[in-house]
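Novice: Give me the fold of what follows.
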Amino acid sequence: MLPKVYIDTSVIGGCLDDEFTVWSKLLFEEFRSGIKIAVVSDLTLQELEDAPPDVRKILSDLPADAIEYVFLSDEAVELADTYIARGVVTEKHLIDTQHIAIATIAKVDILVSWNFKQIVNLDRIRKFNAVNLTKGYHLLEIRSPQEVLYGQEN
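Specialist: Next up is the predicted model:
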């Protein structure tokens, strides 16, 4: 079974960002080569609507069988609200919590992001997972794209 990797908008945009391009492009190559599945939410698609065309093209260039789509359900909204209620992040970062909740409920293998302040942050990861456990969900692996590549370097 192929690993399912939830990607947020920062990973897609990272393909065109000097700081992150190498690692984001290598991850997308793993999706194209069929060794990982990109999990994309309706929330990510909504965020991409406002992105420049060259950013939107990155996702649309992936083969259909390389992507699995997931959705912001009522259950995910409730879990995201719980993250905020428990002080993991403030309401200002609701969308970030919704990404975490969607990935948790979809039971992905890992969520990747370049958002080091609100998502890929050891203290917050522990707090997201503490909420997940108290609500009966599994632990969610959260990493940067660089950390999930199969031994590839620039």
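Novice: residues in contact with the closest residue to residue 124 other than its chain neighbours?
Specialist: With sequence-adjacent residues excluded and distances taken as Cβ to Cβ, 6 or more residues apart in numbering, residue 124 is closest to residue 88, at 6.0 Å. Yep, even glycine has a C-beta here, placed from its N, CA and C like the rest. Residue 88 sits next to 97, 124, 127, 128, 131 when contact means Cβ atoms under 8 Å, 6 or more residues apart in numbering.
Novice: for residue 2, same thing?
Specialist: Residue 2 touches 34, 35, 36, 37, counting by Cβ under 8 Å, 6+ apart.
Novice: what about it, which helix or strand?
Specialist: Under DSSP states H and E, no helix or strand contains residue 2.
Novice: Distance check, it against residue 68.
Specialist: Using Cβ to Cβ, to the nearest Å, residue 2 is found at 10 Å from residue 68.
Novice: likewise residue 33?
Specialist: Distance of residue 33 to residue 68, given as Cβ to Cβ: 16 Å.
Novice: Looking at these two now, which is surrounded by more residues?
Specialist: The neighbour count for residue 33 versus residue 68, taken as other Cβ atoms under 10 Å, is higher for residue 68 (16 against 10).
Novice: before we move on, back to that, could you list which of the contacts of residue 88 belong to helices?
Specialist: 97, 124, 127, 128, 131 (DSSP state H).
Novice: And the buried ones among these, selectable in PyMOL?
Specialist: Only the buried entries of the ones in helices among the contacts of residue 88 go into this PyMOL selection, using 16 or more other Cβ atoms under 10 Å:
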select buried, resi 97+124+127+128+131
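Novice: In a markdown table: the ones in helices among the contacts of residue 88, plus pLDDT and distance to residue 18.
Specialist: Converted to a markdown table, those look like this (pLDDT from 0 to 100; distance: Cβ to Cβ, whole Å):
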| residue | pLDDT | distance to residue 18 |
| --- | --- | --- |
| 97 | 97 | 29 |
| 124 | 97 | 26 |
| 127 | 98 | 31 |
| 128 | 98 | 29 |
| 131 | 98 | 35 |
